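Peer 1: only geometry, no sequence info:
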């Protein structure tokens, strides 16, 4: 028997606009319920730093030798 390729389901078949609409509704509901996460400036800074390290050729690894807690001179 030939192996059948699985078809796309759920979000994968939706347009990006439809996906954003559904995600937006979920975000609003979480805020109304009081369970949404709101980033502090420090959390956002840390997340952005980690993403930047990975995208600079870290091949999916964080650069451990870089001390990001000190300001660059």
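Peer 2: Looks like it came in fine. None of the values given here were measured: they were computed from a predicted structure. Numbers count the residues shown, from 1 in each chain.
Peer 1: what is the mean pLDDT for stretch 8-18?
Peer 2: Mean pLDDT, stretch 8-18: 90.
Peer 1: Could you do stretch 24-36 as well?
Peer 2: 92.
Peer 1: same check, this time on stretch 47-59
Peer 2: If you average the pLDDT over stretch 47-59, you get 73.
Peer 1: Strands along this protein, start to end?
Peer 2: For the chain, strands defined by DSSP state E do not occur.
Peer 1: any chance you could map the helices in the protein?
Peer 2: 16-33, 41-55 (DSSP state H).
Peer 1: Reformat those into a markdown table and put mean neighbour count next to each item.
Peer 2: Yep, even glycine has a C-beta here, placed from its N, CA and C like the rest. Listed next are the helices of the chain as a markdown table, based on neighbours: other CB atoms under 10 Å:
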| stretch | mean neighbour count |
| --- | --- |
| helix 16-33 | 10 |
| helix 41-55 | 11 |
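Peer 1: got those as JSON lines, with distance to residue 10 columns?
Peer 2: Shown next, in JSON lines, are the helices of the chain (distance: least, CB to CB, whole Å):
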{"stretch": "helix 16-33", "distance to residue 10": "10"}
{"stretch": "helix 41-55", "distance to residue 10": "26"}
